[in-house]
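K.L.:
Give me coordinates for this.
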Amino acid sequence: MMKKIFPIILTALSITLVACGTGQKDKIDTVATVNGSPVALKEFQKEVSIAAKRDPALKLTEEALEHQLHTVIDRKLMVQEAVKKGLSQDEKFLDTIKEFWEQTLIRELVNSKSKEWSERLFVTDEEVQAHHKRIGTRLSLRLLDVESKEKAEEARAELASGSFERAEVVGPLLIEDVRLANPLYAAFDLSEGETAIIKGRDDFLAVRVVKKEQIPAPVLGTIYGEIKESLLEQKKEKALEDWLEELKGTAKIEINKETLKKVK
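P.N.:
A predicted model of the protein is given here:
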C-alpha cells in the first residue's frame, strides 16, 4: 500500500513546493529549485528511497518528506557556495573526484562482468569432491622458478633426477593453500615423487612432490555448500584475472623505463 501512496504524495508535494513554472510537466517533474538549480522528482525519490532503506522505521509522512527535501536543498546550497569560492577547481578536490569516479566505474564494471560470468560459470559435484580431497592434503614440495618453458623442462628433469644442489631450488615447502588463485593449486593432483611444470602469471614453476600426506578435514556433507560457493567465487576471480590479461595482450602499453628509474 505504501508503494502506491508514495508517488502520489511526492507528486502532491512537488506541486506545492515548486515555484510557478511554464507548464504542468515542469511542476510534476521538479520538486524544487534552488537558485535556479532544479531538484528533479526522480532524484528526490531516490533520496527518499535511500533514507527509507537506512531507517526502516521511517514513516513517509508529508512532514518527513519536507524534512528530507530541505536536507537536499541544504546540500545544494552548500555545493553552490563551494563552487562560488572556486573549491570545485581545487586540485585536491579534482583528484578526489577523479579517484572516486574511477573506483565507481571499476566497481560497476566488475559487478557487470561478475553477473556475466555467473550466467555461464558453474561448479560440478566432481569439482566439489576433488576440492574436498585437496583440503585434506598437505604437500611438501621442491621447486624452481624459471622464465621460459624450455628452462622449466630442464629444471623439471633436474628435480626428477633427485638433484637439489642448485642454489635456486626452493624447499621443501609445506603447501596447504587450496585456493584456485594459488599458482601451486595444480600440484595437489600430483602423486608423491611426481614432477610437473606449472605456468605462473609471468614465469614457470618446475615442481616435485617430496611428500604427500593426509590431514584432518571436515566431513564433506557439512561443508559441501560452502565449498561450492567458494569455488564459484574463485572461478569468478580467476575469470577476472584471465580477462585482464587478455585486455593487456590486446592493449598498446608503453613503459618509460628511464623515467621509472627516477621513482624513489
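K.L.:
what is the mean pLDDT for whichever strand or helix holds residue 248?
P.N.:
Assigning secondary structure by DSSP states H and E places residue 248 in helix 220-250. Throughout helix 220-250, pLDDT has a mean value of 85.
K.L.:
how close does residue 182 sit to residue 62?
P.N.:
58 Å (Cβ to Cβ, to the nearest Å). Where you see a C-beta, it was placed from the backbone N, CA and C, and this is true even at glycine.
K.L.:
neighbour count winner among the two?
P.N.:
Applying other Cβ atoms under 10 Å to residue 182 and residue 62 shows that residue 182 carries more neighbours, namely 14 against 11.
K.L.:
now the helices for the stretch 151-264 of the chain?
P.N.:
With helices called from DSSP state H, counting those that start in this stretch, the stretch 151-264 of the chain shows them at 220-250, 257-260.
K.L.:
Go through those and pick out the most buried.
P.N.:
Of all those, helix 220-250 carries the top mean neighbour count, a mean of 13, counting by mean count of other Cβ atoms under 10 Å.
K.L.:
Residue 78 versus residue 199, what's the distance?
P.N.:
55 Å.
K.L.:
and if you look at residue 198?
P.N.:
Note on residue 198: its distance to residue 78, by Cβ to Cβ, is 57 Å.
K.L.:
These two - which one has more neighbours?
P.N.:
residue 198 (18 against 10).
K.L.:
which residues touch the more buried one?
P.N.:
Neighbour list for residue 198: 183, 184, 186, 187, 204, 205, 207 [criterion: Cβ atoms under 8 Å, 6 or more residues apart in numbering].
K.L.:
What is the neighbour count of residue 77?
P.N.:
13.
K.L.:
pretty sure residue 99 belongs to a helix, no?
P.N.:
Yes: under DSSP: H, G, I helix; E, B strand; the rest coil, residue 99 sits within a helix.
K.L.:
related to what we said a few turns ago, dump the contacts of residue 198 into TSV; add distance to residue 161, pLDDT and neighbour count as well.
P.N.:
Formatted as TSV, the contacts of residue 198 follow (distance: Cβ to Cβ, whole Å; pLDDT from 0 to 100; neighbours: other Cβ atoms under 10 Å):
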residue	distance to residue 161	pLDDT	neighbour count
183	23	75	16
184	21	79	18
186	22	79	15
187	19	82	22
204	18	82	20
205	18	81	22
207	14	79	29
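K.L.:
Show me which pair in those residues is furthest apart.
P.N.:
187 and 204 (13.3 Å; Cβ to Cβ).
K.L.:
ok, residue 136 touching residue 212?
P.N.:
No: counting by Cβ atoms under 8 Å, residue 136 stays clear of residue 212, with 11.1 Å between them.
K.L.:
Report the secondary structure state of residue 64.
P.N.:
Per three-state DSSP, residue 64 ends up helix.
K.L.:
Over to residue 68?
P.N.:
helix.
K.L.:
Give me the neighbour count for it.
P.N.:
18.
K.L.:
Ok, residue 44 next?
P.N.:
The burial count for residue 44: 21, using other Cβ under 10 Å.
K.L.:
That one - nearest residue in space that isn't next to it in sequence?
P.N.:
residue 31 (4.6 Å; Cβ to Cβ, 6 or more residues apart in numbering).
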